[in-house]
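**Student:** generate coordinates for the sequence data below:
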Amino acid sequence: MVFNWFRRQFNEKEQQQEQEQAIEPTAKQPESEAEETTPEVAEDYLNWAKAAYQNIQKQQVSTPEAAEAEEEPEAELEPEAEVESAEPEAVEAEVEPEAEAEPEEPEAEAEPQDLVTEPIASEPLVAPEEATEPEAVPEEVIEPVAAVAIETSEPTETSEPEAPAPAPVSFLARSEAERQARMQRLEETAVEAPVEEDFRRTPTPGQVEIEGTEIPGLAFDEGFLWSAEVLAAQGRRADEVSIEEITWLQKLRQGLDRTRRSLINQLRAIVGQGPLNKAAVMEIETALLQADVGVEATDLIIEALQQKLKEEALPPAEAIAYLKKILREMLDRPFQEKYNANFVPEKETLNIWVIAGVNGAGKTTTIGKIAHLSKQSGYKTLIAAADTFRAAAVEQVKVWGNRADVEVIANPVKNSDPAAVVFDGISAAMARGTELLLVDTAGRLQNKKNLMDELAKIRRIVDRKAPDAVVESLLVLDATLGQNGLRQAQVFSEAINLSGVILTKLDGTAKGGIALAIVQQMGLPIRFIGAGEGIEDLRPFSSYEFVEALIGG
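**Tutor:** The predicted structure follows:
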């Protein structure tokens, strides 16, 4: 069964209680007790992760058992086939000289020709062109052998220069040396493959050994442990975890890796030094501004941190935990004012989401991903292609509609009125009982007043045509633009009543802190975040998971 992302629940109260309970005892207990509790908590997370992994194994075996059974043997047999195909060559080279060496002892004088002809017969493996004249070669080799035997018997003085003379001996020695070199190379390659497999399956010092077959594409590694810890901290049970959640958290963490590297190292070094001084404040301010957190949000964070650290000197781990709490409260503040935290389409009701943004922000791609998400979550979905000005925009929407298995309503006439397409899309959605209608609009700059007026016209048509529908307006912002996205959000919010922001391309920037700036300065909630180009790389926003991926790990 496919995981329903729209109905995903987060126990924020439980996670806050757990964190407060984890911080308070460590502050009150002596150092010896605090050191004892840390391994216990880590062991609990490991056991929880192990149970979650085994549960995912059962889920994968129950549904796609046949497909996995075919993929795993092929993946295992390919390296063996390579080793086996390489080994027969070495075996042939081994058997022939050994077969020659065995008759050498009793029949060294009786059959000297066999000793020469057999290794020469193996020469076509290296030079097949000389195989047409095998008889001329042994004759030339036999004559010097006889001459050597006669010369060695008569004079004794010629023994010194005749040391390199025996051609068969030097040839056999050279062939044996080559054979040994090949065997060494084969042994090296044969040893590398099992070592890598054993390395994956053997647990690291902070890892638990898992019984059963490994899930393809999902290793029980440090990334899985981090994802499991994030889910466990939100009050999730191990039997509720799905592979979709684990893979998304790993993608989110990788997407914010550039921001985390530049931010967390500086914060950890500064925050754990006790009460902040002017130099430390300047360093924190620089680090946050480089991550595009924004001036207003940076001042708020520094003020809260400074006040807390003046009251008590927190250890680095607790100071980072308090910083995470500040960031989560900042991201959740819009939900405390006027926005609903549960951004979910209502079942058996027409929901219309108008997607807006500037050129190149990723509106069409985002619509395709949301359509796929809603389709997988069990909603009847429809797309209205109202971007009629950009070349091949309708074709692009249709491609994404095919990927998501969602029908697209479009006008075949070029440069048609986008408001007319929206009108047709609403009519089709009402006739077909659609639950979610996604409206794709043309990209426009925030300083083009005529285009912004056209966007407002689309919103008026939606309100007039579907008065009973649940209408939401979402702004797609490119995370790589940084602070320029704030101005875009302000102008678009004036044209249409925005319900939130979709932040895309987080995997391609070190400015992941722009989410904090948008929430703090514009008061708009983050509804979705994208961390990749795939159809599965867009998910509903969770402040807890975002902060953990930004600072934790």
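**Student:** contacts and neighbour counts: CA atoms only from here.
**Tutor:** Will do.
**Student:** low pLDDT regions in the protein?
**Tutor:** Within the chain, the segments meeting pLDDT under 70 span 1-42, 62-170, 189-217, 268, 271-277, 446-447, 509-510, 553.
**Student:** for it, which strand is longest?
**Tutor:** The longest strand of the chain (DSSP state E) is strand 470-478.
**Student:** CA atoms of the helix or strand that that strand is followed by as PDB?
**Tutor:** As assigned by DSSP states H and E, the chain's next helix or strand after strand 470-478 is helix 484-495. In PDB, the C-alpha atoms belonging to helix 484-495 read as follows (Å, rounded to 0.1, in the frame of the first residue of the first chain):
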ATOM      1  CA  ASN A 484      15.500  38.000  -3.900                       C
ATOM      2  CA  GLY A 485      12.800  35.500  -3.200                       C
ATOM      3  CA  LEU A 486      11.500  37.700  -0.400                       C
ATOM      4  CA  ARG A 487      10.600  40.500  -2.700                       C
ATOM      5  CA  GLN A 488       8.900  38.100  -5.000                       C
ATOM      6  CA  ALA A 489       6.800  36.700  -2.100                       C
ATOM      7  CA  GLN A 490       5.800  40.200  -1.100                       C
ATOM      8  CA  VAL A 491       4.500  41.200  -4.600                       C
ATOM      9  CA  PHE A 492       2.800  37.900  -5.300                       C
ATOM     10  CA  SER A 493       1.100  38.000  -1.900                       C
ATOM     11  CA  GLU A 494      -0.400  41.400  -2.800                       C
ATOM     12  CA  ALA A 495      -1.800  40.100  -6.100                       C
END
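**Student:** who does the helix or strand just after helix 484-495 pair up with?
**Tutor:** Next helix or strand after helix 484-495 toward the C-terminus (DSSP H and E): strand 500-504. Take DSSP bridges as the rule and strand 500-504 pairs in its sheet with strand 470-478 (parallel), strand 526-530 (parallel).
**Student:** using CSV, lay out these together with distance to Glu222.
**Tutor:** Formatted as CSV, those follow (distance: least, C-alpha to C-alpha, whole Å):
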stretch, distance to Glu222
strand 470-478, 30
strand 526-530, 23
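**Student:** could those be laid out in JSON lines, adding distance to Ala279 and mean neighbour count?
**Tutor:** What follows is the strands paired with strand 500-504, written out as JSON lines (distance: least, C-alpha to C-alpha, whole Å; neighbours: other C-alpha atoms under 10 Å):
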{"stretch": "strand 470-478", "distance to Ala279": "33", "mean neighbour count": "23"}
{"stretch": "strand 526-530", "distance to Ala279": "33", "mean neighbour count": "23"}
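**Student:** of all the ones you listed, which lies closest to Met330?
**Tutor:** For these, the distance to Met330 is smallest for strand 526-530, at 11.5 Å, taking C-alpha to C-alpha.
**Student:** who's in contact with the very next helix or strand once past the closest one?
**Tutor:** Using DSSP H and E, the helix or strand that follows strand 526-530 in sequence is strand 538-540. For strand 538-540, contacts defined as C-alpha atoms under 8 Å, 6 or more residues apart in numbering pick out 5-6, 248, 366, 369-370, 373, 527-532.
**Student:** who does the nearest residue to Lys363 once chain neighbours are set aside bridge with?
**Tutor:** Distances taken as C-alpha to C-alpha, 6 or more residues apart in numbering place Val476 nearest to Lys363, at 6.1 Å, with adjacent residues excluded. Beta-bridge partners for Val476, by DSSP bridges, are Gly357, Ile502.
**Student:** can you tell me how far Val476 sits from Arg459?
**Tutor:** As judged by C-alpha to C-alpha, to the nearest Å, Val476 and Arg459 stand 16 Å apart.
**Student:** rewinding a little: quick check: the farthest pair among the contacts of strand 538-540?
**Tutor:** By the measure C-alpha to C-alpha, Phe6 and Gly532 form the most distant pair in these, at 19.4 Å.
**Student:** domains of this protein?
**Tutor:** Domain ranges of the chain: 79-101+111-197, 351-498, per automatic domain parsing.
**Student:** so which helix or strand takes in Ile355?
**Tutor:** Assessed by DSSP H and E, Ile355 sits inside strand 351-357.
**Student:** alpha carbons of the helix or strand following that strand, as PDB, please.
**Tutor:** As assigned by DSSP H and E, the chain's next helix or strand after strand 351-357 is helix 363-376. Below are the C-alpha coordinates for helix 363-376, written out as PDB (Å, rounded to 0.1, in the frame of the first residue of the first chain):
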ATOM      1  CA  LYS A 363       6.300  25.600 -11.300                       C
ATOM      2  CA  THR A 364       5.400  23.000 -13.900                       C
ATOM      3  CA  THR A 365       7.800  20.500 -12.400                       C
ATOM      4  CA  THR A 366       6.300  21.100  -9.000                       C
ATOM      5  CA  ILE A 367       2.800  20.700 -10.300                       C
ATOM      6  CA  GLY A 368       3.700  17.300 -11.800                       C
ATOM      7  CA  LYS A 369       5.200  16.200  -8.400                       C
ATOM      8  CA  ILE A 370       2.200  17.400  -6.400                       C
ATOM      9  CA  ALA A 371      -0.100  15.600  -8.900                       C
ATOM     10  CA  HIS A 372       1.900  12.400  -8.400                       C
ATOM     11  CA  LEU A 373       1.700  12.900  -4.600                       C
ATOM     12  CA  SER A 374      -2.000  13.400  -4.500                       C
ATOM     13  CA  LYS A 375      -2.700  10.600  -6.900                       C
ATOM     14  CA  GLN A 376      -0.600   8.200  -4.700                       C
END
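**Student:** tell me what helix 363-376 is packed against?
**Tutor:** Judged by 3 or more C-alpha pairs under 8 Å, 6 or more residues apart in numbering; DSSP states H and E, the packing partners of helix 363-376 are strand 351-357, strand 381-385, helix 393-404, strand 436-440, strand 538-540.
**Student:** one step back: residues in contact with the residue nearest to Lys363?
**Tutor:** Counting by C-alpha under 8 Å, 6+ apart, Val476 makes contact with 355-358, 361-363, 501-504.
**Student:** which one of the strands paired with strand 500-504 lies nearest to Arg236?
**Tutor:** Counting by C-alpha to C-alpha, Arg236 lies closest to strand 526-530 out of the strands paired with strand 500-504; the figure is 20.9 Å.
**Student:** what is the neighbour count of Pro412?
**Tutor:** By other C-alpha atoms under 10 Å, the residues close to Pro412 number 9.
**Student:** give me the three-state assignment for it.
**Tutor:** Following DSSP: H, G, I helix; E, B strand; the rest coil, Pro412 is assigned to coil.
**Student:** ok, it to Arg390 distance?
**Tutor:** To Arg390, Pro412 is 13 Å away according to C-alpha to C-alpha.
**Student:** okay, the helices and strands packed on helix 363-376 in a markdown table with distance to Phe423 next?
**Tutor:** Conversion of the helices and strands packed on helix 363-376 to a markdown table gives the following (distance: least, C-alpha to C-alpha, whole Å):
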| stretch | distance to Phe423 |
| --- | --- |
| strand 351-357 | 12 |
| strand 381-385 | 9 |
| helix 393-404 | 16 |
| strand 436-440 | 10 |
| strand 538-540 | 28 |
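**Student:** before we move on, the earlier item: for Glu178, find the nearest of the strands paired with strand 500-504.
**Tutor:** For the strands paired with strand 500-504, proximity to Glu178 was assessed by C-alpha to C-alpha; strand 526-530 is nearest, at 55.4 Å.
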